[in-house]
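Asks: What would the 3D arrangement of this be:
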Amino acid sequence: MSQNERAEYLNYLVKQYDGITRLIAQTKQRLLSLPGDRVADYDDLLKGVNAEAGLETVKRRISRDIKNELKLWPVWSEWLSRVPGIGPGIAGKLIVLYYYKFTPICKDCGGILEKSDGTLVCSECEHQAKDGVLSYQVVRRDFPTISKWWAFMGRHTIDGVMPRRKAGVISNWSSPGRALGFHIGDQFNRQKSEHPYKAFLIDRKRKHEGKHPDWSKGHRHNAAKNEAVKLFLSHFWVVARELDGLPVSDPYSGVIMGHTNIIRPFYWDCEPVSK
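Replies: This is a model prediction of the structure:
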């Protein structure tokens, strides 16, 4: 199997993982709405009976499949797998978002399919593609600077705040990337205080308390969590580029993150590559 085929399979697994996660959440909500003691009657749908596959069992199996695939990407095997809170589900999404762009192509002529009035139309032969099974062209992404990686993940700011989607306007950042960042922040927030990214979050929140006493607790917490996510994303960028033998521009967390000292990626013991 080629690298592009591996990327497509990992992308498939990640989408399956997201799909089953949403289904589990929806199922739990529906179970809670049932009258009386009916929740216990249908709980096997989630957990399974006698080790038979319930939804949560299926989710664990997909997670194991993702973990097996991730061994092919050094950024997982040599770094991400060591970071508490970053499991296969998060790592798989990160790797897909960072390394690959999946562009739908026309099955007739191989041209790029573009959206027009809600329909996919080939830019070459003008053939309309119906929703369903599509073929994709896998293109390797490149983020030469950390700021471009942040912007793609929706972590850039405009007038001090992260941009929001506007009706009728195509965003230049990834919605899945933005959502993944929030998930990463929540995972770090659940860790113990000695976890380096949690410790960073606590430190930033403390600094916001001194600098912005007018902010609410929620505002300070969310700001600190966002900074912890941006630090982690900068570390992902550094490790990925060092493993790929690509140059890492400084300062990736100095001027940009407002630190006087460069913070090297936590859980990463390798020396910086020469510029």
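Asks: burial count for Lys217?
Replies: Using other CB atoms under 10 Å, Lys217 has 10 neighbouring residues. In short, each C-beta sits where N, CA and C put it, glycine included.
Asks: what are the phi and psi values for the nearest residue to Trp150 once chain neighbours are set aside?
Replies: Closest residue to Trp150 apart from its sequence neighbours, by CB to CB, 6 or more residues apart in numbering: His156 at 5.5 Å. Per-residue torsions, His156: phi -80, psi 170 (degrees, to the nearest 10).
Asks: now Asp214
Replies: Torsion angles, degrees, to the nearest 10, at Asp214: phi -80, psi -20.
Asks: cool, and Glu227?
Replies: For Glu227, the backbone dihedrals are phi -70, psi -40 (criterion: degrees, to the nearest 10).
Asks: And it, how far from Ile112?
Replies: Separation of Glu227 from Ile112 (CB to CB, to the nearest Å) stands at 37 Å.
Asks: For the chain, which segments count as helices?
Replies: 3-32, 38-42, 44-47, 55-70, 74-77, 88-99, 146-152, 175-189, 196-211, 217-243 (DSSP state H).
Asks: For the ones you listed, which has the smallest mean pLDDT value?
Replies: The weakest mean pLDDT among the helices of the chain belongs to helix 38-42, with a mean of 61.
Asks: how is this protein carved up into domains?
Replies: 1-101, 142-275 (automatic domain parsing).
Asks: and those domains as JSON lines, adding distance to Lys107?
Replies: As requested, the domains of the chain are exported to JSON lines (distance: least, CB to CB, whole Å):
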{"stretch": "domain 1-101", "distance to Lys107": "16"}
{"stretch": "domain 142-275", "distance to Lys107": "25"}
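Asks: which one of those domains lies closest to Glu124?
Replies: Comparing the domains of the chain by their distance to Glu124 (CB to CB), the top pick is domain 1-101, with 18.8 Å.
Asks: okay, now Lys28: neighbour count?
Replies: Burial measure for Lys28: 15 neighbouring residues, criterion other CB under 10 Å.
Asks: Just the buried positions in stretch 140-158, please.
Replies: Neighbour-count burial for stretch 140-158, with 16 or more other CB atoms under 10 Å as criterion, is recorded at 143, 146-147, 149-156.
Asks: and the nearest residue to Pro265 once chain neighbours are set aside, what does it touch?
Replies: Nearest residue to Pro265 in three dimensions, chain neighbours excluded: His235, at 3.6 Å (CB to CB, 6+ apart). Going by CB atoms under 8 Å, 6 or more residues apart in numbering, His235 touches 263-266, 268.
Asks: For Trp79, see how far away Pro265 is.
Replies: Per CB to CB, Pro265 is found 7 Å from Trp79.
Asks: list the residues that contact both of the two?
Replies: Val239.
Asks: Which one (most neighbours) among the contacts of His235?
Replies: Neighbour counts for these, by other CB under 10 Å, peak at Pro265, which reaches 22 neighbours.
Asks: Now that that one has come up, it's in contact with Ala240, right?
Replies: No: using CB atoms under 8 Å, Pro265 is not in contact with Ala240; the gap is 10.1 Å.
Asks: got the contact list for the residue nearest the centre of the chain?
Replies: Of all residues in the chain, the one closest to the mean position by CA atoms, centre = their mean is Leu180, 3.7 Å from it. Residues near Leu180 by CB under 8 Å, 6+ apart: 90, 93-94, 97, 153.
Asks: what's the answer for Gly181, then?
Replies: Gly181 neighbours (CB under 8 Å, 6+ apart): 153-155, 226, 229, 233.
Asks: same thing but 10 Å
Replies: 94, 150, 153-155, 162, 174, 225-226, 229-230, 232-233 (CB atoms under 10 Å, 6 or more residues apart in numbering).
Asks: Distance of it relative to Arg82?
Replies: Gly181 sits 20 Å away from Arg82, going by CB to CB.
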